[in-house]
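Asks: Following is a predicted model, sequence given first.
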Amino acid sequence: MSKSTIILADGLFPVHEIPLGYLRDDHVIVCCDGSVENLIAAGFQPDAIVGDMDSISAELKIRFADRIFIDENQDTNDLTKAVEWCRRMKYYDIVILGATGKREDHTLGNISLLADYVSYMNVIMVTDTGVIRPLIKGSSIPSFPGQQVSIFSIDPETEVTSDGLKYPLNRTKIKNWWYATLNESLGDRFSIQFITGRVLIYLKFA
């Protein structure tokens, strides 16, 4: 597992071994302020805490005063504040954990933001069921036979072509979120091609 920077958002704390593996693997851990207590309860320590600090206790503010970075911008959410802090620190290889599992509006918002972040950093979101990978150009994606794959387009006019999936796409416009879900990989990788737009790929764990 490569040494990425971990951003822990304030959704459900991960329980699956794959996302927990990132926390155990000596990465830099950047917390949105509301996620700090869950991280500490699981036996980990934050390297940085970013946000407006409205969701962190006074005791933790004192305990981690040397690694708190206040961002009071109300035009972005806490996840974006953490991502922008990483960008300023020149951390460009990011794994986002804990970004799903509570409120559905937060979950959808966090997932959609991947399509913005990928324009300036390498980023994936790892949940308790799989990985969400944003794309801004065609890619060959490592997989395994039978892996469940779903494809989403942020831009509905994007024409997507696939190779190596059970249900092939051929210049397909994905005009609704359900349209290209529940596909399946046929081998140890598959490819997605498109000319313009932004695409999100969900890859289910085995």
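Replies: That came in fine, so what should we check first? Residues are numbered from 1 along each chain as shown.
Asks: CA atoms for contacts and neighbours, from now on please.
Replies: Noted.
Asks: For Glu184, which non-adjacent residue is spatially closest?
Replies: Nearest non-adjacent residue to Glu184, counting by CA to CA, 6 or more residues apart in numbering: Gln148, 4.6 Å away.
Asks: before we move on, what about Leu114?
Replies: Pro134 (6.0 Å).
Asks: in its sheet, what does the one helix or strand that neighbour maps to sit against?
Replies: Assessed by DSSP states H and E, Pro134 sits inside strand 130-135. Applying DSSP bridges to the sheet, strand 130-135 is found paired with strand 122-126 (antiparallel), strand 199-204 (antiparallel).
Asks: what helices or strands is the helix or strand following it leaning on?
Replies: Later in the chain than strand 130-135, the nearest helix or strand by DSSP H and E is strand 139-142. Applying 3 or more CA pairs under 8 Å, 6 or more residues apart in numbering; DSSP states H and E, we find strand 139-142 packed against strand 189-193.
Asks: Where does the prediction get shaky in the protein?
Replies: 1-2 (pLDDT under 70).
Asks: count of neighbours near the residue lying closest to Ser140 once chain neighbours are set aside?
Replies: Closest residue to Ser140 apart from its sequence neighbours, by CA to CA, 6+ apart: Ser191 at 4.2 Å. Using other CA atoms under 10 Å, Ser191 has 15 other residues around it.
Asks: again, but for Val149
Replies: Count around Val149 with other CA under 10 Å applied: 22.
Asks: Wasn't it part of a helix?
Replies: No - under DSSP: H, G, I helix; E, B strand; the rest coil, Val149 falls outside any helix and is assigned strand.
Asks: ok, it touching Tyr202?
Replies: Yes - counting by CA atoms under 8 Å, Tyr202 is a contact partner of Val149 at 5.6 Å.
Asks: three-state assignment of the closest residue to Leu39 other than its chain neighbours?
Replies: Closest residue to Leu39 in three dimensions, ignoring its sequence neighbours and counting by CA to CA, 6+ apart: Gln45, at 6.8 Å. Recorded secondary structure, Gln45: coil (three-state DSSP).
Asks: what's the distance between Gln45 and Ser35?
Replies: To Ser35, Gln45 is 11 Å away according to CA to CA, to the nearest Å.
Asks: So which of these two has more stuff around it?
Replies: Ser35 (22 against 17).
Asks: So which residue is dead centre in the chain?
Replies: Met125 (2.0 Å; CA atoms, centre = their mean).
Asks: For the longest helix seen in the chain, list every residue counted as buried.
Replies: Criterion DSSP state H: the longest helix present in the chain is helix 104-117. With burial defined by 16 or more other CA atoms under 10 Å, the residues of helix 104-117 counted as buried are His106, Asn110, Ile111, Ser112, Leu114, Ala115, Tyr117.
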